[in-house]
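Q: Based on what follows, work out the 3D shape:
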Amino acid sequence: MTEPLIATVVPDIAGHVRGKAIPLAGFDAVWENGTGWTPANVQITCFDVAAKSPWGPTGDVRMIPAREAMVEVALPAGATERFVLCDVVEGDGAPWECCLRTILKTALAALKAETGLELRASFEHEFTFRDGDGPEPGSAYSLRGLRGRRVFGETLCGVLRDAGLPPDSFLREFGPRQFEITLPPQPALRAADEAVALRQLTYAVAEDFAAPVTFSPLVTETGVGNGVHIHFSFWDENGHPKTLDGKRPHGLSEVAGRFIAGILDHLPALTAITAPSALSHMRLTPHRWSAAFNNLGVQDREAAVRICPTFGADAGKRARQYNIEFRATDAAATPHLSLAAMIFAGLDGIRQARPAPEPTVGDLTLLSAEALAAKSLARLPASLDEALLALEADTALLAAFPGRFGAIYLDHKRGELGALEGKDIDERLAAYRAAY
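A: Numbers count the residues shown, from 1 in each chain. As a prediction, the model looks like this:
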């Protein structure tokens, strides 16, 4: 006999989900009252080394399951994957300062209050199979490359659909053994919840296939790396799209242009949250189809923020397709925190009435420092250390987060870097491959 369990989990700063399992038979009371959790757990890094925390061994908070964020689905080997994402509250029910779902809810509420708009988002997840090494000539984007993982892909897509997450696409990517899986756009909180669930279900299916995968930002020092591009658009309460305005330059509505300007203005600091590993900024370099400058581009896959294409002659359909892609992020970041930070930065652009940035054209590495500065462009931080310093100096962005969260986050990431001291690049690559 077995006792079915359900895991109550929280998305954390390290980009993981952590929690505890409860017998399913006794779970009804947990929906309302939650289950206990330790505040210092938020400082467990991706390497399971605890960073400095303000709590130490003291204190208690509670995980309250979110009914809309439950996953229950059969896996190919016969087990059932069953977990629910939680909000974290203090003993009196007040939101905990380090609850990432609540931070995103707060950001979305601020966006709605100030603009009347809602954000929809989708995440493009890239991952790499760890079973094998070396190049695979002729496999990039190919049918042959897809065929080699067809059963895995069909199984993963079936599991996602059965879990209520119908997939949008599954494709063989550019890097050796690299694939991408996407879901359709959803309201932002739901999109972040789904992004967390998708990654966990990908791990679960990979384990059943004895074919482990990694979402690490870099698998090899010179490889293309794995990103998690975020597509977003604005909608009013009646379901009308508000990102496109055909009368304005490049089709950006006034609110979208100002929002993007805010993101780009805060981007050096923002990457400490959206690209938050010691490998992330090695990927964010020129000519790697990632992001290297704080620039906007039109259908430019080297831009940090990209205006995506639309198709068809129908203006209404084009307005619903029109979306923006944020490219300076990867799976070391938690989806909820990435979206929240983007929104806080974008809101600052709206409040400051910043003009929409002019899209760049061509190779920015060919411009002098003076020419870049004249266009308000700069290289993104070359390391996580630099990004953390930029975040520490960006008091406006830090002030958007609740309580002590900013200082706690900085301590977390510096604790992660401390765990890597003395390790060479190959050891760091191996550590992140295992962690993600």
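Q: For the rest of this, base every contact and every neighbour count on C-alpha atoms.
A: OK.
Q: so Glu126, which of the three states?
A: strand (DSSP: H, G, I helix; E, B strand; the rest coil).
Q: Now do the nearest residue to Glu237 once chain neighbours are set aside: how many residues are near it, please.
A: Leaving aside its chain neighbours, Glu237 sits nearest to Leu117 (6.7 Å; criterion: CA to CA, 6 or more residues apart in numbering). Other residues near Leu117 number 23, with proximity taken as other CA atoms under 10 Å.
Q: ok, and the closest non-adjacent residue to Ala430?
A: Val219 (7.9 Å).
Q: Could you do Ala77 as well?
A: Asp208 (6.0 Å).
Q: show me what contacts that neighbour?
A: 75-77 (CA atoms under 8 Å, 6 or more residues apart in numbering).
Q: from those residues, which is closest to Ala328?
A: Leu75 (32.6 Å; CA to CA).
Q: My guess is that closest one contacts Leu156. True?
A: No: when contacts are counted by CA atoms under 8 Å, Leu75 is not listed as touching Leu156 (9.1 Å).
Q: what touches both of the two?
A: Val205.
Q: Assumed Ala396 was part of a strand.
A: No: counting by three-state DSSP, Ala396 falls outside a strand, being helix.
Q: Can you give me the distance of it to Arg351?
A: 12 Å (CA to CA, to the nearest Å).
Q: now Ile425
A: From Ile425 to Arg351 the distance is 42 Å (CA to CA).
Q: one step back: residue contacts, the residue nearest to Ala430?
A: 128, 225-226, 429-430, 433 are the contacts of Val219 under CA under 8 Å, 6+ apart.
Q: got JSON lines for the residues you listed, with neighbour count too?
A: Listed next are the contacts of Val219 as JSON lines, based on neighbours: other CA atoms under 10 Å:
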{"residue": "Thr128", "neighbour count": "24"}
{"residue": "Gly225", "neighbour count": "27"}
{"residue": "Asn226", "neighbour count": "28"}
{"residue": "Leu429", "neighbour count": "20"}
{"residue": "Ala430", "neighbour count": "14"}
{"residue": "Arg433", "neighbour count": "19"}
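Q: Turn those residues into CSV, columns for secondary structure.
A: Formatted as CSV, the contacts of Val219 follow (three-state DSSP):
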residue, secondary structure
Thr128, strand
Gly225, coil
Asn226, coil
Leu429, helix
Ala430, helix
Arg433, helix
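Q: out of these, who's nearest Leu111?
A: Nearest member of the contacts of Val219 to Leu111, counting by CA to CA, is Asn226, at 29.6 Å.
Q: dump the residue contacts of the closest one.
A: Asn226 touches 125-128, 215-219, 330-331, counting by CA under 8 Å, 6+ apart.
Q: one step back: wait, what's in contact with the residue nearest to Glu237?
A: Contacts of Leu117 by CA under 8 Å, 6+ apart are 111, 234-237.
Q: ok, Ala371 - how many residues close by?
A: Ala371: 13 neighbours (other CA under 10 Å).
Q: what helix or strand does Pro65 sit in?
A: Using DSSP states H and E, Pro65 sits in strand 61-74.
Q: swap in Phe179?
A: strand 178-182.
Q: centroid residue for this protein?
A: Computing the C-alpha centroid of the chain and ranking residues by CA atoms, centre = their mean puts Pro335 first, at 3.4 Å.
Q: Per-residue pLDDT of that one, please?
A: Model confidence at Pro335, expressed as pLDDT, equals 98.
Q: Going forward, count from 347.
A: In the new count, where the first residue is 347, that last one comes out as Pro681.
Q: Excluding chain neighbours, give the residue nearest to it in space.
A: Closest to Pro681 by CA to CA, 6+ apart is Ala538, at 5.1 Å.
Q: Which secondary structure state is assigned to the one you found?
A: Going by three-state DSSP: Ala538 is helix.
Q: quick one: it and His682 touch, right?
A: Yes: between Ala538 and His682 there is a contact under CA under 8 Å: 5.3 Å.
Q: higher neighbour count, those two?
A: Per other CA under 10 Å, whichever of Ala538 and His682 has more neighbours is His682, with 27 against 24.
Q: ok, Glu470 to Asn640 distance?
A: Counting by CA to CA, the gap between Glu470 and Asn640 amounts to 20 Å.
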